[in-house]
Structure formats: C-alpha cells, structure tokens
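1. Need a 3D model of the following:
(one chain, ligands or ions: 2)
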Amino acid sequence: LQQKTIKNEKMEIVSHLAASISHEVRNPLTSIIGFLQLILEQRDVPDKCKIYASLALDEASRTAVIIDDYLTFANPHPEKLHALEIDKEILQCRDLISPLALKHSVDMKIVFFHTDKIKGEPHKFRQALLNICKNSIEAMPTGGTLTIVTATKYNETFIHITDTGQGMSPAHLARLGEPYFSLKEQKGTGLGMMVVFRIVEGMGGNIKVNSEEQIGTSITLSFPSFA
Ligand code: ADP
Ligand code: MG
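-> Ligands and ions are numbered 1, 2, ... in the order given. Below you'll find the predicted structure:
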C-alpha cells in the first residue's frame, strides 16, 4: 500500500512538472520562433545567417510540436476524475482545431446522438481528442472532411472520428501508437498516438482503427458509460 502511495506521489510530481514545462517553456518558445521568422524576412541579412536562422527555426518549431503532442492540456493541479460530457469536450476540441482545419480546407461535421457521461480526467481526454483530430487534418493536405459522431449503446459510449485523408497501409497501421513512429519526417514526433493510446487505456476505454490508403481513416473510441 505504501509503495502505491509513493508511486502516486511521484506521478503527481511528474504531471506537475510537465504542466510547468508546458506553461513556462511554450511562451518563450513562441517568441523565439517569432524572432527567427523576423530575421528570415530581413533583406540585409547575409545568406549564411539566414541558413543558421532557418535551422534554428526548424529545431524550435519541432520542440513546440513535441510540447503540443504531450502537454497542450497539461494541468498543474492534481488529477481529478470527472463525469465528462463528451459533446462539450468535442466542441472545445473543435474550437481549438478549427484554424488548422481552415488552413487545410478541411470541413468539420459533428453529429451528436444522445450520449451518457464517461469517467476521465478532462485535460487528458481533450489531449487525446486533439491528437487524433490533428492527425486526421494533417492527413488531408488538400482538403477533405473530418466527421465526428457520438453515440451510446448498451452502456457503452462511442466516439467515431473519420477522415477522408491519405489513410495508412496495413503495415503502417500495425505500428500506430509505437513511440517515434511517424511518416511526417521533420514535422512529426511520433508521440501523438502513443499519448492517445495511453490516455484511452487509462480511462478503461478501447480504440479501433480502420484505414485504407487514399480513402481515409476511421477511429472509434469506446468507453464504459459512467452512471
Ligand atoms: P505524428 O503525427 O507526430 O507523426 P502520431 O503518433 O500522431 O505521430 O502518428 C503517427 C503516424 O501515424 C503519422 O505520422 C501518420 O503517418 C500516421 N497516422 C496517424 N493518424 C493518421 C490518419 N488519420 N490518417 C493517416 N495517417 C495517420
Ligand atoms: Mg500526430
């Protein structure tokens, strides 16, 4: 029992640390990226300096992406399990992701059927939704449709997230969620889906992924309803 308490305390310290990093590092990082972009826009900067600035910008942007996949919703307070209203969480995720959707000409369609509440930590659940939706939008570089449907059936609550993107080959699909597995080269971290699998598992939920190359990907999350 004592060991368990120590483990819980350690976990709490880790999540507190993670949240501090995201808040304390994300803002200065945004300034660094902004100033590097300004340097690159100057006319009288020697070519060599532009190369250095552009390398620095790539690295800084990569750091920002890693922080986003892990820590967009990191919360410095101890974890609290809530009865989550899925529809509300999805609308929040939509608001956050709509600039990215617009940039990729992606239409978002959301259909809510009546759903039960589920049990989870809201910040983590939002992070999982966000990471899935981000992948879907990134898989549709020339536009498409992202559809989210929620429903409850026999005390099980489902969230279907479907895109009309590039899809994955069976070999790639098998590696989804493996740390550092990414086909996005410089732009990907390969951490987004690992985080999703961990969060959903921690909530006692399930993930099913169907994907067909050039057709799209469909992810179904299911959770026990929380009475
Ligand atoms: P990242 O997005 O940083 O590459 P993820 O763990 O989020 O890492 O995703 C891993 C890989 O799985 C992606 O690089 C991509 O190739 C593939 N993938 C994930 N979601 C989708 C999707 N909806 N459509 C097509 N490919 C996807
Ligand atoms: Mg991703």
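2. Residue numbers of the protein in contact with ligand 1?
-> With C-beta under 6 Å from any ligand atom as the criterion, the chain meets ligand 1 at residues 131, 135-136, 139, 163, 165-168, 176, 181-184, 188-194, 217. Heads up, the C-betas are built off the backbone N, CA and C, glycines and all.
3. Go through these and flag which are in strands.
-> Counted as lying in strands by DSSP state E, out of the residues of the chain next to ligand 1, are 163, 217.
4. can you tell me the distance between the two ends of stretch 132-150?
-> 15 Å (C-alpha to C-alpha, to the nearest Å).
5. Only the buried residues of it, if you could.
-> Going by neighbour count (16 or more other C-beta atoms under 10 Å), the buried part of stretch 132-150 is 132-140, 144-150.
6. follow-up on the earlier one: PyMOL command for the buried members of the residues of the chain next to ligand 1?
-> Burial among the residues of the chain next to ligand 1 is assessed by 16+ other C-beta under 10 Å; the matching PyMOL selection reads:
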select buried, resi 131+135+136+139+163+165+166+167+168+176+182+188+189+190+191+192+193+194+217
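7. re earlier: return the member of the buried residues of stretch 132-150 nearest to residue 19.
-> Nearest to residue 19 among the buried residues of stretch 132-150: residue 134, at 20.0 Å, using C-beta to C-beta.
8. counting contacts, what elements does the lowest-mean-pLDDT helix or strand in the chain pack onto?
-> Ranked by mean pLDDT, DSSP states H and E, the weakest helix or strand in the chain is helix 2-41, scoring a mean of 81. Contacts defined by 3 or more C-beta pairs under 8 Å, 6 or more residues apart in numbering; DSSP states H and E place helix 2-41 against helix 47-71.
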